[in-house]
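Asks: below are the sequence and a predicted model; questions follow.
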Protein chains: 2
Amino acid sequence: MNEERQGLRVVLVRTRNPLNIGAAARAMSNFGFDCLRVVNPFEPSFLEARSATGASNVLQSAEEFSSVAEAVADCSLVVGTTAVRHRQLHQPLHPLDRAAELLRDHLAAGQAALLFGSEKVGLSTDDLSHGQFLLRIPTYEKNISMNLGQAVAVCLYELSSRPQPASQEAPLSGAQPASVPVGSGLASSAVTERLTQTILQALRASRYVKPNSAIADEDKLRRLILRLHLSDADATLCLGMLRQILWKLRSR
Amino acid sequence: MNEERQGLRVVLVRTRNPLNIGAAARAMSNFGFDCLRVVNPFEPSFLEARSATGASNVLQSAEEFSSVAEAVADCSLVVGTTAVRHRQLHQPLHPLDRAAELLRDHLAAGQAALLFGSEKVGLSTDDLSHGQFLLRIPTYEKNISMNLGQAVAVCLYELSSRPQPASQEAPLSGAQPASVPVGSGLASSAVTERLTQTILQALRASRYVKPNSAIADEDKLRRLILRLHLSDADATLCLGMLRQILWKLRSR
C-alpha cells in the first residue's frame, strides 16, 4: 500500500476554516498520504494554514484549483464523501469500510480522488456529479455530521489500516462484488470530462437541450458517462466521433 | 453495541486546548458515546469548551476529576493510548483494531475507560500504570503523533464500526487469544487501587520501600496488581488480609 498511497488525491472543496485544512494535512502525514488539493478555499484561510509555524510538507506542497473538474482531472476514480442529510443521491453509496476496499483496489493500478466538502454544507450535487460513488462514515443517527479534520482522519485510517489490497485476500463470504472496475485502463476524469462537455455542446447545438441549459442537465450527463466506466481507449474513440459530429452540427 | 457504548468512559488527561476537548466531545456524539471525563484540564480551556455556543450534551455533562485513579474508579478495564515515542513500555501494546476487539468484549459485560493524554506529552508513565494494556493507532513512521481530536475520532470509529461483539463472531484464523479476561466479575479500578495503596503502606511500614518511596515504585506495584486480573471477590479478600497485616505492622 505504501506506493499506492501516493496515488490518492485528498481534495478539500470550499473549506472555510484554516484549522481544518491544517488538520486534514496532519492526518495525511500521520497515515502516509502526500497529495493535498484545495478547490476554491476561503483564501485567507488557505494562506493562514499554509504559513502556520510547523506547517507540514503536505500543506506546503498543496495545490490550489478553481474547480472540482480540474482538481480530479488526473484521476480515474473519484469518490465523494457525504453525511446524507436531506439530499437525493444519484450515485451508489458505500459505507467507509467497503468504499476503502474499492479505493485500495483502484489505487493498486491507478489514481483516485477523495472529495470532502465545506464545513457547513458539504459537497454540492454538482461537486458530487464528478464521483463514481459516494462514501459515508457510519455515524450515530442523532449526530451524523462530523468535523472535517476528523472525517479526513477516519477515512485515511480506514484506507491505510488494512495492509493488503482486497484483491490479494481470500474472498470473504458475504462480500459484494466490486461495483467499479479496477485499476488502470479506465479513462481519467480529464477525458470523461472532455467527453461530457463535448456531448453537451453537441446536445446544445442540436437543440436537444437549450443553449443555456441548466447545470442539472450537465450533472445528469456527467453521471451517465461515469456509469459507463469507459476505458481510456473507448473514451478517446467516442470523443473523436463526437467532435466530428459537433463540427458538422456547427458548420450547417 | 448500542447499550455497551454507555459503558465506555472517554478520559482526557491534562488537555490544554479547548478546541480539542470540544472535538473529542463531537466525535463521541458522532459515534454514540456519552460519558466524557476530564482529569486536571487546563481550567480556562475546559470552561471555554463547555460554555461554547452549541456545546453538546456530552460536553455539558462531562465530569471533572483531579486524578486518573478517581476518573477510572468504576471501570474494570483501563486502556491507555500512546504514540510510543522514546518510552519504555511496561504493559502489552495492541494495535487499534485488536484493542477495539478487547474493549468491545469487555463492554458487553463491564465498564471500561479509554485514556488520552495531553497534546504535548501524551500520558505519563504514572497515568499509564492505571491501564491493563496500551493501544496504538497504526500511523506512518515519519509522523506518528496525531491530533488529539482526530485520535479520539479514529478510536471511536474503530470501536463502533463492527456491530457485533467479537465473541459472537466466528473465530478468525490467525486471531490471537484475548490477553485480558472478559467482562464483569473483574475487580474495578477502585478496588485494585485500594489494594495497591494498602500494599504500598504495608511495604513502607515494613521498610521494604522507604517511607517516601518514589512514584516509580508505586507504578511498578500498580502494574503488577493489574497483571493479576483479580476477580472482585479475590481483590476484596486480599484487601482484608493486607489491612490486617498493615494494622499489625503499625501497632508494633
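Replies: That came through fine.
Asks: any idea how far the residue nearest to the spatial centre of chain A is from A:Arg9?
Replies: The C-alpha lying nearest the average C-alpha coordinate of chain A belongs to A:Val78 (C-alpha atoms, centre = their mean; 3.1 Å). Per C-beta to C-beta, to the nearest Å, A:Val78 is found 9 Å from A:Arg9. All C-beta atoms are positioned from the backbone trio N, CA, C, and that covers glycine.
Asks: who touches both of these two?
Replies: A:72, A:112-113 (C-beta atoms under 8 Å, 6 or more residues apart in numbering or on different chains).
Asks: return the residues in contact with A:Ala216.
Replies: With C-beta under 8 Å, 6+ apart, A:Ala216 has these contacts: A:Thr125.
Asks: need the strands for chain A, in chain order.
Replies: A:8-13, A:35-39, A:63-65, A:77-81, A:93-95, A:112-116, A:133-136 (DSSP state E).
Asks: and the stretch 101-250 of chain A, which residues reach chain B?
Replies: Contact residues, the stretch 101-250 of chain A versus chain B (C-beta under 8 Å from any C-beta of the partner chain): A:137-140, A:142-147, A:149-151, A:153-154, A:157-158, A:160-161.
Asks: count residues in the vicinity of A:Ala214, would you?
Replies: 10 (other C-beta atoms under 10 Å in any protein chain shown).
Asks: relative to chain B, how far out is it?
Replies: 35 Å (C-beta to the nearest C-beta, to the nearest Å).
Asks: what score does that residue have for pLDDT?
Replies: pLDDT recorded at A:Ala214 is 74.
Asks: if you rank the shared contacts of A:Val78 and A:Arg9 by neighbours, which is first?
Replies: A:Val72 (30 neighbours).
Asks: could you check how far it is from chain B?
Replies: Following C-beta to the nearest C-beta, the distance that separates A:Val72 from chain B is 24 Å.
Asks: before we move on, the earlier item: hmm, which of the residues of the stretch 101-250 of chain A next to chain B are the buried ones?
Replies: A:137, A:139-140, A:143-144, A:146-147, A:149-151, A:153-154, A:157-158, A:160-161 (16 or more other C-beta atoms under 10 Å in any protein chain shown).
Asks: in the stretch 101-250 of chain A, what spans have low per-residue confidence?
Replies: For the stretch 101-250 of chain A, applying pLDDT under 70 flags the ranges A:162-184, A:213.
Asks: how about 90 then?
Replies: Applying pLDDT under 90 to the stretch 101-250 of chain A picks out residues A:109, A:120-121, A:125, A:140-145, A:161-250.
Asks: in it, which spans are helices?
Replies: A:125-128, A:148-161, A:189-205, A:215-227, A:232-251 (DSSP state H, counting those that start in this stretch).
Asks: any idea which of these is most buried?
Replies: helix A:148-161 (a mean of 26; mean count of other C-beta atoms under 10 Å in any protein chain shown).
Asks: quick one: list the elements packing against that one.
Replies: strand A:8-13, helix A:18-30, helix A:96-107, strand A:112-116, helix B:18-30, helix B:148-161 (3 or more C-beta pairs under 8 Å, 6 or more residues apart in numbering or on different chains; DSSP states H and E).
Asks: need the helices of the stretch 101-250 of chain A in a markdown table (columns: distance to A:Arg16).
Replies: Compiled in a markdown table, the helices of the stretch 101-250 of chain A are given as follows (distance: least, C-beta to C-beta, whole Å):
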| stretch | distance to A:Arg16 |
| --- | --- |
| helix A:125-128 | 15 |
| helix A:148-161 | 9 |
| helix A:189-205 | 25 |
| helix A:215-227 | 23 |
| helix A:232-251 | 35 |
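Asks: good, we can wrap up now.
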